[in-house]
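1. Pasting the sequence and the predicted model now:
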Amino acid sequence: MPGTIPPSLGSLTGLQSSIDLQGLSGLTGTLPPSFGSMTSLRQGVYLQNSGLHGPLPSSLGSIRNLRTSLAVSYTHLRAHETEADL
């Protein structure tokens, strides 16, 4: 699946099951800040082995009910902004 994650994905505020985008190497771009709007999410967020890059949005801290993992291994996502991001 080539492309980026649309910001509208964050409108799934009642979603409780997992989001599994692992292995989608054609998936590019950053994780949109709206991703943190899915505050009902309880299962895992699986992003490993995707083409995502850039800083993880601080809005992910709003997903407080997440009972399993936020998996970002083998991506170019990172916890902090760098000067290149500004």
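-> Yep, it's here.

2. Can you tell me the SS state at the residue most central in space within the chain?
-> The chain has residue 31 as the residue nearest its centroid, 4.8 Å off, counting by C-alpha atoms, centre = their mean. Here residue 31 is coil, with the state taken from DSSP: H, G, I helix; E, B strand; the rest coil.

3. Just list the residues touching it, thanks.
-> By C-beta atoms under 8 Å, 6 or more residues apart in numbering, residue 31 lies in contact with 5, 47, 52, 54, 56-57, 60, 77. Any C-beta I mention is one placed from the backbone N, CA and C, and that applies to glycine too.

4. Then residue 58?
-> 33, 36.

5. Quick check: it vs residue 36, distance?
-> If you measure residue 58 against residue 36 using C-beta to C-beta, to the nearest Å, the figure is 8 Å.

6. Then residue 45?
-> Distance of residue 45 to residue 36, computed by C-beta to C-beta: 11 Å.

7. so residue 12 sits right up against residue 38, yeah?
-> Yes. Between residue 12 and residue 38 there is a contact under C-beta atoms under 8 Å: 5.7 Å.

8. of these two, who's got more company?
-> Neighbours per residue (other C-beta atoms under 10 Å) separate residue 12 from residue 38, with residue 38 holding more: 23 against 15.

9. That one contacts residue 63, correct?
-> Yes. At 6.3 Å, residue 38 counts as touching residue 63 under the criterion of C-beta under 8 Å.

10. so where's the chain uncertain?
-> Within the chain, the segments meeting pLDDT under 70 span 1, 80-86.

11. ok so, going back, between the contacts of residue 31, which has the most around it?
-> With neighbours taken as other C-beta under 10 Å, the top of the contacts of residue 31 is residue 47, carrying 25 neighbours.

12. and it, what is it in contact with?
-> By C-beta under 8 Å, 6+ apart, residue 47 lies in contact with 21-22, 31, 70-72, 75, 77.

13. try residue 59
-> 33-37.

14. looking at this, it is in a strand?
-> No. Under three-state DSSP, residue 59 sits outside any strand and is assigned helix.

15. any idea how far residue 76 lies from residue 42?
-> Distance, residue 76 to residue 42, by C-beta to C-beta: 27 Å.
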